[in-house]
Each structure stands twice: as structure tokens, then as C-alpha cells.
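Asker: model the structure of this input:
(one chain, ligands or ions: 2)
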Amino acid sequence: MTEIVSARVIVTSPGRNFVTLLIETKDGVTGIGDATLNGRELAVASYLEDHVIPCLIGRDAHRIEDIWQYLYKGAYWRRGPVTMSAIAAVDMALWDIKGKLAGLPVYQLLGGASREGCMVYGHANGADISETIENALRYHEQGYRAIRLQSGVPGLKATYGVSKDRYFYEPADAALPTESLWSTEKYLRSVPPLFEAAREALGWDVHLLHDVHHRLTPIEAGRLGKDLEPYRPFWLEDATPAENQAAFRLIRQHTTTPLAVGEIFNSIWDAKQLIEEQLIDYIRATVVHAGGITHLRRIASLADLYQVRTGCHGATDLSPVSMAAALHFGISVPNFGVQEYMRHTEETDAVFPHAYRFEDGMMHPGDKPGLGVEIDEVLAAKHDYKRAYLPVARLEDGTMFNW
Ligand SMILES: O=C(O)[C@@H](O)[C@@H](O)[C@H](O)[C@H](O)CO
Ligand SMILES: [Mg+2]
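Answerer: Ligands and ions are numbered 1, 2, ... in the order given. A predicted model of the protein is given here:
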């Protein structure tokens, strides 16, 4: 029995907000978990402090599955991003404790390495095609084997995925949501030339990805998928909102372009039909929003039955704690596809010292016992929480749309 004696939440904002959970045991071992939900951070902090932590004290930290089930079934109100991010933070912390007590990196507890490293993709973006390609060439020179392309859309002032700073992308940018305008027609005209220019400049030995970010209808997504087929994209992400999982049947009827979805999913139920009907090729559910390592393994196992691979979300609003946990998960699962890696800033990395490393287009979690990531509480205390919202999007006629 390794008794949990205390747990606490740290909210810190080294350039952007992060919510971190620390669980302490009687043996003096502390586990760390990420609980960050971009734009709704304090809801998860309160869910942990006010509703979860009181139930953890006195429990055996080794009982990861039992605690997971207790927090999931015991909440009565199941699922949802706040609940599942809180459960995820507890889950990550308990795996971290188990690894530290065993003297093993978490991936060794998950069955060991299934590959030498996790292929990652970087985020090339630019105000226009030439700036995006220039940025993509830089990622290619750094050894990235997979690069996401997001470019400004002629005629639109701003669009998803294009940042002021080419290397760091932080969409949560204001104390109240900034509003941007969207035009599907202008966007659909802009993507094929982007991919044509990218293949011209980068050749065929690099994977090219694109994130639609929930902005097309199924038939529009089918059209874009078909338009991009000559350029062999690695995937088209979030091609259409996925509440209606059956909608992806229509996309599949029109294109062979691989589809990725799921960064906003928080449980296996959000993806069950998509996976069982092979309506997608990559599942993007992530360790922090989909219930932690324990639940993400369930999703990956279901996906493996249907030849769906993992392609986990890894934007900068997932802290280095999540990146570490994602790499322990990614290096061990049999059906790994790719891991998103939007580099954190040096300011963030200083608050979260970690063992994971980038080499030759791949990442490895390192071999420190547990997750191999910590939080520098003195530094963390210097960065106060600052409310920040993700933007919202409207059509040019003012209709509220998907950002
Ligand atoms: O694929 C991605 O990384 C994006 O969809 C994210 O940047 C997403 O917009 C943010 O994580 C939202 O907080
Ligand atoms: Mg995305």
C-alpha cells in the first residue's frame, strides 16, 4: 500500500496557462499530471481541488485502474472535457508514482518500447504560401519527417494556425474571445496551391499534414480531400465537426485522403463508430483530455483492431507533462502513427524540466523513472494565471461558425 497523503493543484502561466496536479504519497514520492484545458483552465482546477482531491486522500496510489473507475463511475455525471481532464491528471500522476517506485520509465510499465522513437510533426505556418513554405523548409532542415502546413487565406484577415511568431503558436490570445471572419470558398481555393508549392519545394520524402479545424461540411471536406489527392497528404485533420460520427461516411465516399480526428474527444465513445466503421485513419485523442494513459490505451487498442493509428494532439496548450506522458504512451503502443509536437517556449520548458528529447525527426521520452518531467515550483509561482480565451469565428455575414 502506497498511501496518498496529499494532493495539490498549481496554476502557472509561463507565456500561457497550465494546470498541474501533484500527488504526494506516504513514501515521499510525488507524482505529476497535466490538467490543462485551454480557455477553461480554472474549471478543471476547481474540479480537482473541490471534488476529486478529497476522495484521493488515504487511497493506495498503486491502484491506478480502481481510482480511474472510481473517479469515472463515481462522478455519476460521466465524460466531458472538464471531468476527463481532471481524471487524466490523476492518472498521469499515478503512473508517474508507479514508475518512480519501480525505478522504471513509464513506457517500460506499458509493455516496453515498440519502436526506436516517436515520429513527430512540426507546425509550418505563414501569412501566405511563400512564407509558409519558407517556414516548412526550416523544419525540414531541422530533420522533421512530417510537417503541418497552415497558411493565411487571401481575403481573410486572420485564420486558424497562422501565428505572429513562426515557431510558437498560441491561439488563446485575449481576456475575451477575439472574433475572426471565415469564408469557406476563399479557404477551399487556397489549400491546393499551398500543397502544390510544398511538394515543389520539399519533394516527396516528407509527410505533409493539414488541419481544417472543424470548418467544412462533409461534402466540402470530400471536395478538399479529392483536390489534395495528387499531393498525397499524410492526413486532413478535423475535416468536419465530429459530433455526428456518421458524417465521415460522406467524406469517405469521395476521397482516399487519410483523415485524422479527435483532439477534442474526451472518451472512447466519441470515436467508437469512427473507428469501428474505419471512417478515419488516425485518432487524435490526447492523454490530457481523454482520461489519461489508462483510457488512451483503451482507445488505441480499439483502434488497433480496425487499422486506425494514433496521431495524438500535442499543441502548446498541452504542458510538457502531457508531452512526456504522450511519448511514454506513443513509444509503447503497437499502432502508433505520429505525435504532434508544437515546441514549447524556453520560458515554459524552464518551469517544466523534462527528459524527453528530439532527435532526427523523432522524440523519445527518456529513461528517468516515472514520466521524467517535473515542475519548478519557485519559477511556476512567478507566472500568475491570466485569463485567456480561444478565438471565435463568424461567417462574413455574421453567422456564428466553428473556429
Ligand atoms: O491540431 C492542433 O494542434 C490544433 O487544433 C490546436 O492548435 C488547437 O487549436 C488548440 O490546441 C486549441 O487549444
Ligand atoms: Mg487540430
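
Asker: tell me the pLDDT of the closest residue to residue 267 other than its chain neighbours.
Answerer: Distance criterion C-beta to C-beta, 6 or more residues apart in numbering; nearest residue to residue 267, sequence neighbours excluded, is residue 79 at 4.9 Å. C-beta coordinates here come from the backbone N, C-alpha and C atoms, glycine included. pLDDT, residue 79: 98.

Asker: over to residue 170?
Answerer: Model confidence at residue 170, expressed as pLDDT, equals 83.

Asker: tell me if it really is in a helix.
Answerer: No: counting by DSSP: H, G, I helix; E, B strand; the rest coil, one finds residue 170 to be coil, located in no helix.

Asker: and stretch 222-240, how far from the chain's centre?
Answerer: 20 Å (C-alpha atoms, centre = their mean, to the nearest Å).

Asker: closest to the centroid, which residue in this structure?
Answerer: Against the mean C-alpha coordinate of the chain, by C-alpha atoms, centre = their mean, the closest residue is residue 313 at 2.2 Å.

Asker: in which helix or strand does that one reside?
Answerer: For residue 313, there is no enclosing helix or strand under DSSP states H and E.

Asker: count of residues packed around the residue nearest to residue 267?
Answerer: 18 (other C-beta atoms under 10 Å).

Asker: check residue 69 too.
Answerer: 13.

Asker: please identify the helix or strand for it.
Answerer: Assigned by DSSP H and E, residue 69 belongs to helix 64-73.

Asker: average model confidence for that helix?
Answerer: Taken as a whole, helix 64-73 has an average pLDDT of 98.

Asker: list of residues touching that helix?
Answerer: For helix 64-73, contacts defined as C-beta atoms under 8 Å, 6 or more residues apart in numbering pick out 52, 55-56, 59, 78, 83, 86-87, 90-91, 94-95, 98, 291-292, 294-295.

Asker: can you tell me how far the residue nearest to the centre of the chain is from residue 322?
Answerer: 9 Å (C-beta to C-beta, to the nearest Å).

Asker: residues shared between the contacts of those two?
Answerer: Common neighbours of residue 313 and residue 322 (C-beta under 8 Å, 6+ apart) are residue 286.

Asker: how close does whichever residue of the stretch 151-300 of the chain sits closest to ligand 2 sit to ligand 1?
Answerer: The nearest approach of the stretch 151-300 of the chain to ligand 2 comes at residue 211, 4.3 Å away (C-beta to the ion). When C-beta to the nearest ligand atom, to the nearest Å is applied, the distance between residue 211 and ligand 1 equals 5 Å.

Asker: repeat for residue 331
Answerer: Counting by C-beta to the nearest ligand atom, the gap from residue 331 to ligand 1 is 20 Å.

Asker: from here on, count from 28
Answerer: Fine by me, first position is 28 from now on; the one you just mentioned is residue 358.

Asker: then that residue would be within a helix, right?
Answerer: Yes: under three-state DSSP, residue 358 sits within a helix.

Asker: need the contact list for it.
Answerer: Residue 358 touches 134, 140-142, 144-145, 391-392, counting by C-beta under 8 Å, 6+ apart.

Asker: thought the residue nearest to the centre of the chain was touching residue 367?
Answerer: Yes: counting by C-beta atoms under 8 Å, residue 340 touches residue 367, with 5.7 Å between them.

Asker: can you give me the pLDDT of the closest residue to residue 359 other than its chain neighbours?
Answerer: In space, and not counting its chain neighbours, residue 359 is closest to residue 137: 4.0 Å by C-beta to C-beta, 6+ apart. Residue 137 carries a pLDDT value of 98.

Asker: also residue 194?
Answerer: The model reports residue 194 with a pLDDT of 74.

Asker: how deep is it tucked in, by neighbour count?
Answerer: Under the criterion other C-beta under 10 Å, the count of neighbours that residue 194 has is 15.

Asker: not counting sequence-adjacent ones, nearest residue to it?
Answerer: Closest residue to residue 194 apart from its sequence neighbours, by C-beta to C-beta, 6+ apart: residue 370 at 6.4 Å.

Asker: got phi/psi on the closest residue to ligand 2 within the stretch 28-177 of the chain?
Answerer: Of all residues in the stretch 28-177 of the chain, residue 175 sits closest to ligand 2, at 8.7 Å by C-beta to the ion. When read as degrees, to the nearest 10, the backbone of residue 175 gives phi -90, psi 140.

Asker: in what helix or strand does the residue lying closest to it once chain neighbours are set aside lie?
Answerer: Ranked by C-beta to C-beta, 6+ apart and with sequence neighbours excluded, the top spatial neighbour of residue 175 is residue 236, at 4.3 Å. Secondary structure here is read from DSSP H and E; on that basis residue 236 sits in strand 234-238.

Asker: isn't residue 318 right up against residue 297?
Answerer: No: shown here, residue 318 and residue 297 do not form a contact pair, counting by C-beta under 8 Å, at 11.1 Å.

Asker: correct me, but residue 245 touches residue 277?
Answerer: Yes: using C-beta under 8 Å, residue 245 is in contact with residue 277, at 3.9 Å.

Asker: now whichever strand or helix holds residue 253: mean pLDDT?
Answerer: Element membership for residue 253, per DSSP H and E: helix 245-255. Mean per-residue pLDDT for helix 245-255: 98.

Asker: partner strands of the helix or strand that comes right after that helix and their direction?
Answerer: As assigned by DSSP H and E, the chain's next helix or strand after helix 245-255 is strand 262-264. Applying DSSP bridges, strand 262-264 is found paired with strand 234-238 (parallel), strand 286-288 (parallel).

Asker: would JSON lines of those with mean neighbour count and mean pLDDT be doable?
Answerer: Below are these laid out as JSON lines (neighbours: other C-beta atoms under 10 Å; pLDDT from 0 to 100):
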{"stretch": "strand 234-238", "mean neighbour count": "23", "mean pLDDT": "98"}
{"stretch": "strand 286-288", "mean neighbour count": "28", "mean pLDDT": "99"}
